[in-house]
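> Fold the stuff below for me.
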Amino acid sequence: MTAQLARCPAYSPATTDADVAWVDEVVARARPALELPFQPTFVHHDYKEGNATFERTATGCRTSGVFDLMEGFFGDGEQDLARALSEYRTGERARRFLAAYAERRPLRPGFEERFRFYMLADRIVIWEYGQRNRVWFPPEMSLRDFAEPFLTLPSP
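Numbering: from 1, shown residues only. Sure, this is the predicted structure:
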């Protein structure tokens, strides 16, 4: 995350010193939650509806296939919630997705702060690409303007 963020000011003035300070604050608040142990698992890093197939079952739906594994690595499985929840942002779908995840894999203490960190890291990936390629973001938008709305968990 740090390397991608550090490259952004060279692409445009949209990533400000205030943005970097804000990122540092989010990271500092998340640090204790990030230090808690977890069972490593495969992290897709781009897990969302567009990269999965689903099938109906007697009790609902289940994931039947996952593709676009280019960014995968082993780490904290909670990281995959960021991209999926960024697609839903708020509302019933976001709440149901998070509830279904938590039902199958209980959320560890400190989840909210870890989520904010993981979501911010994911948004920085998107932001850096957009700044580098001069796409998606109007010139007056800052990193914080773009990313901060994503950092709130859907209400239960």
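
> which phi and psi does the residue located most distally from the centre of the chain have?
Most distant residue from the mean C-alpha position of the chain: Ala58, 30.8 Å away (C-alpha atoms, centre = their mean). Backbone torsions for Ala58, taken as degrees, to the nearest 10, come to phi -60, psi -30.

> any idea how far the longest helix along the chain is from the chain center?
Longest helix in the chain, counting residues (DSSP state H): helix 111-133. Its chain's C-alpha centre and that of helix 111-133 lie 6 Å apart, by C-alpha atoms, centre = their mean, to the nearest Å.

> strands paired with the least confident helix or strand in the chain by mean pLDDT, and their directions?
Every helix and strand in the chain was compared by mean pLDDT, DSSP states H and E; the lowest is strand 60-66, with a mean of 79. Strand 60-66 has the following sheet partners, assigned by DSSP bridges: strand 52-57 (antiparallel).

> ok, now how distant is Phe150 from Arg56?
Distance, Phe150 to Arg56, using C-beta to C-beta, to the nearest Å: 30 Å. All C-beta atoms are positioned from the backbone trio N, CA, C, and that covers glycine.

> which one of those two has more residues nearby?
Phe150 (17 against 9; other C-beta atoms under 10 Å).

> wait, that one sits on Ser86?
Yes. If you go by C-beta atoms under 8 Å, Phe150 and Ser86 touch, sitting 5.5 Å apart.

> Mutual contacts of these two, please.
Both Phe150 and Ser86 are contacted by Met119, Arg123, under the criterion C-beta atoms under 8 Å, 6 or more residues apart in numbering.

> Let me see the residues that make contact with the helix or strand just after the longest helix of the chain.
Following helix 111-133 in sequence order, the next helix or strand is helix 143-147 (DSSP states H and E). Contacts to helix 143-147, defined as C-beta under 8 Å, 6+ apart, come from residues 5, 8, 14-16, 18-19, 22-23, 119-120, 123-124, 127, 137.

> let's see it at 6 Å
Here helix 143-147 makes contact (C-beta atoms under 6 Å, 6 or more residues apart in numbering) with Thr15, Asp19, Trp22, Leu120, Arg123, Trp127.

> Filter the residues you listed down to just the buried residues.
Neighbour-count burial within the contacts of helix 143-147 applies to Thr15, Asp19, Trp22, Leu120, Arg123, Trp127; the criterion is 16 or more other C-beta atoms under 10 Å.
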